[in-house]
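In: what's the 3D shape of this:
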Amino acid sequence: PKEPLDPTKPQPSNSLRSYMTLQLPVKGGVVEKRSAQPIETDDPRVFFETNTRNTRSYSKFLNSLAKRPGSWNKVQETLADMTAYGLAPDVQVYSSLILACTGIKDPDKAFQVLEKMQQENIEPNEYTYSALINVCIDSGQLDRAFTIIELMKAREVPITNVHFTMLVKGCLKDRDIERAWQTFDHMRTWVCQPDEVLYS
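Out: Residues are numbered from 1 along each chain as shown. All right, here's what the predicted structure looks like:
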């Protein structure tokens with residue numbers, strides 16, 4: 001059994017789970033915690049009966065759809081609803097749209113979303129690229145996931161242990177132990193260090 005957490009000691013904050021479900025990068029690079037309470041409905045009309053219509057709420061709802069297989073039609077419906085209320089997608093919403101491509105296992109569509117947001121002069125952030133990596137790995141396109149790190153380097157987007165952890169886990173999922181170790185070693189030479197999630 002695991003030892004209970006000692007509240008007097010600092011706990012790791014960059015685990016994949018906390019990054020993908022408990023935190024959301026916002027404008028200016030500030031990371032804002034959000035509620036971890038699951039959203040039960042996949043109907044935007046039901047969700048917005050009790051939630052204010054703003055970009056943050058739409059992003060939150062789209063993230064919940066990303067965990068539901070075959071939810072792309074609901075994603076499109078939600079985006080149309082957002083547009084009808086005069087709200088324009090921002091980096092949060094676009095990142096959520098990319099993550100929603102996980103449900104349909106379609107990296108091509110995820111890259112199309114990335115291209116569209118860049119055409120609208122909306123710069124992808126760390127979360128955007130972690131969502132893109134997630135889509136590629138979940139769709140069995142590990143090589144493509146590794147190319148995203150190069151995109152981040154070219155655009156000078158910070159690369160964190162979250163991104164490397166996702167890649168290592170992708171290698172392990174593909175049973176490519178050698179590549180997992182190479183990625184782990186590369187991570188240690190990078191600006192970030194492995195956390196307890198990766199070591200486990």
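In: Listing request: residues of this protein with sub-threshold pLDDT.
Out: Within the chain, the stretches with pLDDT under 70 are 1-36, 189-200.
In: Spatially nearest residue to the spatially most central residue of it (excluding sequence neighbours)?
Out: Of all residues in the chain, the one closest to the mean position by CA atoms, centre = their mean is A131, 3.1 Å from it. Taking CB to CB, 6 or more residues apart in numbering, and ignoring the residues beside it in sequence, A131 has L99 as its nearest neighbour in space, at 3.9 Å. Bear in mind the C-beta positions are built from the backbone N, C-alpha and C, glycine included.
In: The one you found falls within a strand, correct?
Out: No - read with DSSP: H, G, I helix; E, B strand; the rest coil, L99 is helix and lies in no strand.
In: ok, it to F111 distance?
Out: Taking CB to CB, to the nearest Å as the measure, L99 and F111 are separated by 13 Å.
In: More neighbours: which of these two?
Out: Taking neighbours as other CB atoms under 10 Å, L99 and F111 compare with L99 leading, 27 against 18.
In: Name the SS class of H163, please.
Out: helix.
In: Any idea how many residues pack against it?
Out: Counted by other CB under 10 Å, the residues lying close to H163 total 25.
In: right, and it touches Y127 too?
Out: No - judged on CB atoms under 8 Å, H163 makes no contact with Y127 at a distance of 10.5 Å.
In: what is in contact with the two at once?
Out: Common neighbours of H163 and Y127 are not found (criterion: CB atoms under 8 Å, 6 or more residues apart in numbering).
In: quick revisit: list the contacts of the residue nearest to A131.
Out: Contacts of L99 were listed using CB under 8 Å, 6+ apart, and they are L62, N63, A66, A131, N134, V135.
In: What subset of those is buried?
Out: Buried by 16 or more other CB atoms under 10 Å: L62, N63, A66, A131, N134, V135, out of the contacts of L99.
In: Could you say which helix or strand holds the fifth one?
Out: Assessed by DSSP states H and E, N134 sits inside helix 126-138.
In: Much appreciated, bye for now.
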